[in-house]
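Chemist: Sequence and predicted structure below; questions after.
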Amino acid sequence: MDRQKHAPLPKLTEVCTDQAEVLALTITRFIAAGYMTQDAACWDAGHQCAEEALGYVDGPRLVAAMAGVMRALRVERQQPWHSMPASCCRTTRDEIELMAALSQARIANTTALATSMQILTGQDEAPRLTTALRVAAETLASLGPPLTVPPTRSAVPTILH
C-alpha cells in the first residue's frame, strides 16, 4: 500500500470527546486483548489502569461496565472485532464507531444510538449492546468531575505508539 495515498488512522484524542472516553476505550482494549489471548493479565492490566485513574471503588465499576459492552459486542456483532493495543494512540474503524455510540448513549440520543447499533452489529436491533452502552454511559456520568481534567496519573499507558 502506498503510504502517500493511505490516510493514517485517527488518534485516540481525535475520536474520544474527553478523558472519560479515553479511559473507557483503553479499558475496552485491555478486555478485548484478554478475550483474544485468553490471558487474565490483560484484564488485570485493565483493572490497574482504571484503579490508577479512578481509585479502587470506581475503577472496577467502569471495568465491569466496559466488560458488559465487550460481551454484548461478542454476542450481537456479526463481524470480527478490530482493536488496537491499549498503548496505541491510533483507533480502528470499529473503535471509532464504538466511541460514537458511547457518546450518543451519554447524551441520550436514541435515534443516533440505534443507527450506531446497526453499524456496529450488522443487525436491525442490538438490545444487549444498547443496554450495555447505556449502563457504561451512566457509569461514566456517576464518576463525576475527576475525569474532566487529565488525571494525575495517566488514564492511558504512558507509552503510546
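Modeler: Everything's here; your move.
Chemist: report the longest helix in this structure, please.
Modeler: helix 40-76 (DSSP state H).
Chemist: Okay, buried residues for stretch 54-66 please.
Modeler: For stretch 54-66, a neighbour-count test (16 or more other Cβ atoms under 10 Å) marks Leu54, Asp58, Gly59, Pro60, Leu62, Val63, Ala65, Met66 as buried. Every residue, glycine included, has its C-beta placed from N, CA and C.
Chemist: Measure how the helix or strand Thr111 falls within sits relative to helix 40-76, angle-wise.
Modeler: Using DSSP states H and E, Thr111 sits in helix 110-121. With axes from the mean of the first three to the mean of the last three Cα atoms, to 10 degrees applied, the angle from helix 110-121 to helix 40-76 works out at 110 degrees.
Chemist: Give the buried residues for helix 110-121.
Modeler: For helix 110-121, the neighbour count (16+ other Cβ under 10 Å) marks Leu113, Ser116, Met117, Leu120, Thr121 as buried.
Chemist: Could you list the low-confidence segments of this structure?
Modeler: 1-7, 145-161 (pLDDT under 70).
Chemist: Pull the residues that contact the helix or strand hosting Ala137.
Modeler: In this structure, Ala137 sits in helix 127-143 according to DSSP H and E. Here helix 127-143 makes contact (Cβ atoms under 8 Å, 6 or more residues apart in numbering) with 20-21, 24, 54, 58, 61-62, 65-66, 68-69, 71-73, 75-77, 101-102, 105-106, 113-114, 117, 120-121, 147.
Chemist: One more pass at 7 Å, please.
Modeler: The contact list for helix 127-143, computed with Cβ atoms under 7 Å, 6 or more residues apart in numbering, reads 20, 24, 54, 58, 61-62, 65-66, 68-69, 72-73, 75-76, 101-102, 105-106, 113, 117, 120-121.
Chemist: Repeat that for stretch 104-112.
Modeler: Leu113, Ser116, Leu133, Arg134, Ala136, Ala137, Leu140, Ala141.
Chemist: out of those, who's nearest Arg93?
Modeler: Ser116 (12.5 Å; Cβ to Cβ).
Chemist: what are the phi and psi angles of Trp81?
Modeler: Torsion angles at Trp81 (phi, psi; degrees, to the nearest 10) stand at phi -90, psi 130.
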